[in-house]
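[1] Starting from these lines, generate the structure:
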Amino acid sequence: MKKQLLLFTYFIANFIFAQTTVTFEGLTVPNSGYFNGETEYTATDGSGQIISYEDQMANFYVNYTNTGVYDYWNGFAYSNQTDLNTASYTNYSAYSSNGGGANGSSNYAFVYTYSGDAMTFDQTVNVQSVQITNSVWAYKFMDGSDGTGHDFQSGDYFKLTITAVLDDNGTLGVSGDDTLGNSIDFYLADFTNGNAIIVGDWTNVDLSSLGNVKGLKFEMSASDSYTPYYFAMDDLVYSTTLSTTENDLISNINMYPNPVNDVLNIQNCKDASITINDLNGKQIYSNTNCNETEQMDLSNFATGVYFIKIQQDNKIAIKKIIKK
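    Alright, predicted model coming up:
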């Protein structure tokens with residue numbers, strides 16, 4: 001038992017300390033103050049060209065086109081601009097209190113996406129969080145200071161949806177999946193249900209419910225179709241995935257819902273032993289003789305991430321659960 005507990009603690013330590021943050025600080029920003037693919041565009045026929053860049057095993061893509069008369073792009077640009085006044089597509093600035101990246105940094109991703117754009121990782125990872133804020137143009141459009149008269153009123157919204165990309169084929173997670181692939185909605189502006197909120201600074205968005213992913217797809221939607229579909233992104237945090245071999249040794253165990261509010265159901269666990277540890281490795285639950293189906297009351301657990309170890313017939317499964 002002691003050996004197994006040490007093994008479990010080993011997995012937890014690796015999960016915590018393998019954490020990586022994509023900060024965009026290692027990228028070289030052109031003299032213009034932003035990169036949108038223009039400086040690497042080589043097409044001569046006016047066609048679109050997908051240009052990629054990488055930071056900490058995270059791959060981002062920007063689709064740039066120059067027809068010779070006009071140019072345009074979509075996807076993941078990056079910037080170090082700090083213009084908090086100009087409400088225009090020419091302004092690649094994040095709306096933030098420090099006028100730059102998250103946590104006082106210089107660089108950040110500047111994203112334009114209408115039908116949805118995805119970034120990928122070199123390997124499957126476990127995503128944790130990301131910092132998001134509005135673009136200056138979108139912010140000023142929504143608060144009415146751009147002069148267009150489209151200031152948001154009751155019932156309006158501007159929403160970012162982040163969906164898990166599960167494999168190299170671009171398979172998207174399905175909302176409602178208990179373990180992988182849930183989509184997360186983050187409101188860059190919310191004037192519904194009596195709210196009057198426009199995000200005006202870097203805000204942490206918890207991505208941990210998405211689980212293990214190969215990438216992330218970002219989509220925008222708004223009540224006003226004229227809303228500029230731009231936002232800024234920084235400090236994307238992920239950790240390398242727990243070993244699939246260890247994580248899936250018991251393939252017939254069914255555990256739901258995850259994330260969980262109150263009761264966690266575990267099926268096909270007859271005669272198994274179950275322990276739950278917090279992120280510090282402290283054991284906070286133990287059951288050494290489970291029934292075929294167990295219902296575990298987690299209502300008194302603090303909100304956060306836990307690891308559940310299930311041992312059955314000399315096999316071990318270690319899974320992450322999220323208490324809401």
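[2] Give me the below-cutoff pLDDT ranges for the stretch 101-250 of the chain.
    173-181, 241-250 (pLDDT under 70).
[3] Could you rerun that using 90?
    Residue ranges of the stretch 101-250 of the chain with pLDDT under 90: 114-115, 123-126, 128, 147, 149-150, 166-183, 208-213, 239-250.
[4] which residues of it fall in helices?
    Assigned by DSSP state H, counting those that start in this stretch, the helices in the stretch 101-250 of the chain fall at 136-143, 244-247.
[5] I'd like to know which elements the first one is packed against.
    Here helix 136-143 touches strand 197-198, strand 230-240, going by 3 or more Cβ pairs under 8 Å, 6 or more residues apart in numbering; DSSP states H and E. (Glycine included, C-beta is placed from N, CA and C.)
[6] quick one: contacts of the first one?
    This means strand 197-198. By Cβ atoms under 8 Å, 6 or more residues apart in numbering, the residues outside strand 197-198 that reach it are Asn134, Tyr139, Met142, Asp143, Phe152, Tyr187, Leu188, Ala189, Asp190, Phe191.
[7] got it, and stretch 268-279?
    For stretch 268-279, the surrounding residues in contact (Cβ under 8 Å, 6+ apart) are 5, 8-9, 12, 16, 250, 252-254, 266, 283-294, 296, 304-313, 321.
[8] quick one: which of those sit in strands?
    Among these, DSSP state E puts 254, 266, 283-287, 293-294, 296, 304-312, 321 in strands.
[9] buried ones in stretch 35-42?
    Neighbour counts over stretch 35-42 (16 or more other Cβ atoms under 10 Å) mark Phe35, Asn36, Gly37, Glu38, Tyr41 as buried.
[10] could you measure Phe76 against Asp55, distance?
    10 Å (Cβ to Cβ, to the nearest Å).
[11] Mind checking which of the two has more residues around it?
    For Phe76 versus Asp55, the count of surrounding residues by other Cβ atoms under 10 Å is larger for Phe76: 28 against 19.
[12] Thank you kindly, that will do.
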